[in-house]
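Undergrad: Compute the structure for the input listed below.
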Amino acid sequence: MPVYDYTAIDAQGKARRGIVSADSRQEAQRKLRAGGLYPTGLREGASAGSESEATRDGERPASLALFRRRVSGEDMSVAMRQLSGLLGAGFPLLRALELMRGQTTSKALFRVLSQVCERIKEGSSLSAAMLEEPGAFTPAQAGMVRAAEASGALDTVMSGMADLMEQQQALRRKIMASLAYPGLMLVVGVGVVGFLMAYVIPNVARIFTDLKHDLPQATVILMAVSSFIESYWPLLLIGAALCWFGLWRSWRSPRGRPVCETALFRFPVLGSIMSGYAMVRFARTLGSVLENGLPIIRALDVVAKATGSVLVERDLVDVRREVGEGMSLAAALGGKPRFPGLLVQMAAAGEQSGALDRMLKKAADIMEDGVKSRLAMASALFEPLLILALGMVVGFIVVAVLLPIFEISSLIG
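TA: Numbering: from 1, shown residues only. Sure thing, here's the model as predicted:
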């Protein structure tokens, strides 16, 4: 059903804004007036149903992927924490969501909360409304909320979901921060070398050419590379941009994502960090889902997409099938080389003790420590190697420029 962004005046003369679902513009206006609102502006937005359907099919339309704002993890964790507090204070669910919508400064979160409020007014449950917003909520979160709706502990579950998101974001920020400095050094280094080769070296090369003197082999190589870059730098930039765009499209496409992930997981050091990150997300999310009362089969269904890895998701489809056939979770995970032995052993201990959720969370904490240790090691190793490589390139340029100058000086002397 189409949705409309509206601005309106209520009976007290206060300005209101929000989203209303309606089949037509006229019906949207009638709905607003029936609710005591007098519309001053009405604009059709993106259809929620079409977006959800495209996301479930595995490929988001390019226009939505490029231009539609997503709710940040920080905003969503804060929203869940606020909802937990409001529900714990005795506010009804719909009223709590409307209060949050009125306080948020994020346009993306405002849209999501408006959509959820509209669906709840139409009779949907919170978990069903969350499933209709796949860009904001995961199936695992919707599954935990569904279990909480049945048990009546929605405020507690929301607080737990906020804790889970904050832990995942902290690890993600740690990874990004560790990669940011080496990445910046690499970009700056390549930019400086490119500037020298495209603008500085050609001017020096003209001086050497005018002297009509035999040049050292290093200088000849440097001049050839510099001439190539000077002549074809627009094509090189276009080629680099096309390669980057191709990788980005492959990463987002259903067929290309598994190939990219396979190559990434096999990359030295970085591959173990990214696969470890996926394992941490899996273990922690599965532990949280089980803690909130979902059966293991349903939990594996909703957790599969929460790992952020299509390769892990494929393995979990097989694990879910084997567990459904009567195999233990530990045995099913042990049959997949991608899952580390620590996780398998902790799952086995959890199944034997009847505390699978706690053991999975403990395994996630241990694996997270391992990921952080590998990050520290990679950062300590990569930074000096990068400095050494850039120093060798700059050193070669300096030597190649100075050698003919020294030879000419000796001839003159």
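
Undergrad: Packing partners of the lengthiest helix in the chain?
TA: The helix of greatest length in the chain, counted in residues with DSSP state H as the criterion, is given as helix 356-412. Other helices and strands packing on helix 356-412, by 3 or more CB pairs under 8 Å, 6 or more residues apart in numbering; DSSP states H and E, are helix 154-195, helix 201-211, helix 217-252, helix 270-291, helix 341-353. Using the backbone N, CA and C atoms, a C-beta is placed for each residue, glycine as well.

Undergrad: and if we set it to 10 Å?
TA: Using 3 or more CB pairs under 10 Å, 6 or more residues apart in numbering; DSSP states H and E as the contact test, the elements touching helix 356-412 are helix 154-195, helix 201-211, helix 217-252, helix 270-291, helix 296-303, helix 329-334, helix 341-353.

Undergrad: Pick the most deeply packed of the ones you listed.
TA: Greatest average neighbour count among the helices and strands packed on helix 356-412 goes to helix 270-291 (a mean of 23), per mean count of other CB atoms under 10 Å.

Undergrad: Could you list the alpha-carbon positions for it in CSV?
TA: As requested, C-alpha coordinates have been extracted for helix 270-291 and formatted as CSV (Å, rounded to 0.1, in the frame of the first residue of the first chain):
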residue,chain,number,x,y,z
LEU,A,270,42.0,-9.8,7.3
GLY,A,271,40.1,-12.9,6.4
SER,A,272,40.4,-14.4,9.9
ILE,A,273,39.2,-11.1,11.4
MET,A,274,36.1,-10.9,9.2
SER,A,275,35.2,-14.5,9.6
GLY,A,276,35.7,-14.2,13.4
TYR,A,277,33.4,-11.1,13.4
ALA,A,278,30.7,-13.2,11.7
MET,A,279,31.1,-16.0,14.3
VAL,A,280,30.8,-13.5,17.1
ARG,A,281,27.6,-12.1,15.7
PHE,A,282,26.2,-15.6,15.2
ALA,A,283,27.0,-16.9,18.7
ARG,A,284,25.9,-13.7,20.5
THR,A,285,22.7,-13.3,18.5
LEU,A,286,21.7,-17.0,18.8
GLY,A,287,22.4,-16.9,22.5
SER,A,288,20.1,-13.8,22.9
VAL,A,289,17.4,-15.4,20.8
LEU,A,290,17.4,-18.6,22.8
GLU,A,291,17.5,-16.7,26.0
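
Undergrad: packing partners for that helix?
TA: Counting by 3+ CB pairs under 10 Å, 6+ apart, helix 270-291 packs on helix 139-151, helix 154-195, helix 256-266, helix 296-303, helix 310-324, helix 329-334, helix 341-353, helix 356-412.

Undergrad: tell me the domain ranges of the chain?
TA: Following the TED database, the chain resolves into domains at 3-45, 73-167, 181-412.

Undergrad: possible to save those domains as a markdown table with mean pLDDT?
TA: What follows is these, written out as a markdown table (pLDDT from 0 to 100):
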| stretch | mean pLDDT |
| --- | --- |
| domain 3-45 | 74 |
| domain 73-167 | 84 |
| domain 181-412 | 86 |
